[in-house]
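K.L.:
Sequence and predicted structure, then a few things I'm wondering about:
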Amino acid sequence: MRIGITFDLREQYLEQGFGEEETAEFDRPDTIEAIERTLQDLGHETDRIGNLPALASRLVNGERWDLVFNIAEGMNGFGREAQVPCLLDAYGIPYTFSDPLVLSLTLHKGMAKHVVRDLGIPTADFAVVASEEDLRRIALPFPLFAKPVAEGTGKGISAASKLRDAEELEKVCRALLARFRQPVLVETFLPGRELTVGIVGCGKEAQCLGVLEVVLKEGAEQNAYSYVNKEECEERVEYRLAKDPLAVRAADIALAAYRGLGCRDAARVDLRVDAAGVPNFLEVNPLPGLHPHHSDLPILCTLSGISYKDLLSRIVRSACARQNLGSPSSEGAVARRRASE
């Protein structure tokens, strides 16, 4: 099978003048190398496509692939993660991971929480602050927690994100609105354990790969898996595989959210435990980081005895099965591509 790989390379954007934080979600060269090498080890022919402009150019020039392994995060707006899938959908090219609807919905944490809450899945009470006027309508009890509504990699999250009174609420929200130019999600602070659940597959076939507990070391920023803690995770964070009854419950809640939101092929669902001991949905990452040693999902898999090669194989198999491409190594997908050329 000929698999194209779409991605945003962090160093490319840094060379264009973008900042470290702006590009924090983008991938390092060794991540792309690991994905490509692993896909080749699985017997596939690979083609590094790159970002959205590179994909658009090559599509216009008539190039096609049997499948695109998509990890492109995009650059602008709530629909940035959906840009590459939208283009691939327009050209009828199969790809891994979720569709544009799911990618746009889940990037906006407030919208995702509305859906999850309507599904009856535990999630902290919340409000979305789009302007300073919205601050006066918040009636949630303190302490609260504030973060940008549509950022990843802990961007905008720090020790100051835990809000103890109205003065801190106003100060932090004003700062986040100005800095990130997007609404702020304000939710009830959850004081318990932080967990992330790896999931692979689609619909009723989706399976939990394991539950990872994020434990902040002494010297880490407290109260959250923050941007700094994630950037310096080797020094600040300990990752533990969790198998106790609470972790089992977290896995069930994560699976319900994954299926309810319509995620596909693989994702990582983040949860935090409330004061009553109930795991609450925080957010889902439908384009999970795939660095073999530094990203949460591969770390979780390693601790669970699942190799990086097996993880990528499961993702590709899931994508092929739901798009009726046959076996990932079969000639059916090749014939399909040639017929479309």
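P.N.:
Structure received. Residues are numbered from 1 along each chain as shown.

K.L.:
contacts, neighbours, all on C-alpha from now
P.N.:
Fine.

K.L.:
can you give me the helices in this structure?
P.N.:
Assigned by DSSP state H, the helices in the chain fall at 10-15, 29-41, 52-60, 83-90, 100-107, 109-118, 132-135, 166-180, 227-231, 233-236, 245-261, 296-303, 308-322, 332-340.

K.L.:
Outside of the second one itself, which residues are in contact with it?
P.N.:
Taking contacts as Cα atoms under 8 Å, 6 or more residues apart in numbering, the residues outside helix 29-41 that touch it are 5, 7, 9, 45-46, 48, 290-292, 308-309, 312-313.

K.L.:
now do 10 Å
P.N.:
Residues outside helix 29-41 that contact it (Cα atoms under 10 Å, 6 or more residues apart in numbering): 1-11, 42-48, 50, 69, 71, 289-295, 308-313, 316.

K.L.:
Would you mind listing the buried residues in that helix?
P.N.:
31-32, 34-36, 38-39 (16 or more other Cα atoms under 10 Å).

K.L.:
Then the third one?
P.N.:
For helix 52-60, the buried set under the neighbour-count rule, 16+ other Cα under 10 Å, comprises 52, 55.

K.L.:
residues in contact with Asn285?
P.N.:
Residues counted as contacts of Asn285 (Cα under 10 Å, 6+ apart) are 103, 106-107, 152-153, 198, 258, 263, 266-270.

K.L.:
Just name the lowest-scoring one in the residues you listed, pLDDT-wise.
P.N.:
Lowest pLDDT of the contacts of Asn285: Thr153, 79.

K.L.:
need the contact list for it.
P.N.:
Thr153 is in contact with 21, 23-26, 225-231, 285, 289, counting by Cα under 10 Å, 6+ apart.

K.L.:
out of everything not next to it in sequence, what's closest to Leu42?
P.N.:
Ser313 (7.2 Å; Cα to Cα, 6 or more residues apart in numbering).

K.L.:
Longest strand in this protein, by number of residues?
P.N.:
For the chain, the strand with the greatest residue count under DSSP state E is strand 207-216.

K.L.:
what does the average pLDDT come to for stretch 120-129?
P.N.:
On average, the pLDDT along stretch 120-129 is 98.

K.L.:
Same question for stretch 202-211.
P.N.:
The average pLDDT for stretch 202-211 rounds to 97.

K.L.:
ok, now stretch 228-247?
P.N.:
For stretch 228-247, the mean pLDDT works out to 89.

K.L.:
Identify each buried residue in that stretch, please.
P.N.:
228-230, 233, 236-237, 239, 241-242, 246-247.

K.L.:
quick one: Met111 and Val128 touch, right?
P.N.:
Yes - contact criterion Cα atoms under 10 Å: Met111 and Val128 qualify, at 9.3 Å.

K.L.:
Can you tell me the closest non-neighbouring residue to Ala160?
P.N.:
Leaving aside its sequence neighbours, Ala160 sits nearest to Val172 (Cα to Cα, 6+ apart; 7.4 Å).

K.L.:
and the one you found, how far is that from Val184?
P.N.:
Per Cα to Cα, to the nearest Å, Val172 is found 9 Å from Val184.

K.L.:
Same drill for these two, tell me which one is more crowded.
P.N.:
Neighbour tally, Val172 and Val184, criterion other Cα atoms under 10 Å: the higher count belongs to Val184, 27 against 21.

K.L.:
returning to what we had before: can you say which of the contacts of helix 29-41 are buried?
P.N.:
Buried among the contacts of helix 29-41 (16+ other Cα under 10 Å): 1-11, 42, 44, 46, 48, 50, 69, 71, 289-292, 308-309, 311-313, 316.

K.L.:
buried residues in the longest strand of the chain?
P.N.:
Going by neighbour count (16+ other Cα under 10 Å), the buried part of strand 207-216 is 207-216.

K.L.:
Got the domain ranges for this structure?
P.N.:
Here the domain parsing of the chain from automatic domain parsing is 2-97, 125-188, 194-320.

K.L.:
quick one, what contacts Phe180?
P.N.:
By Cα under 10 Å, 6+ apart, the contact set of Phe180 is 22, 147-151, 155-156.

K.L.:
Many thanks, we can stop here.
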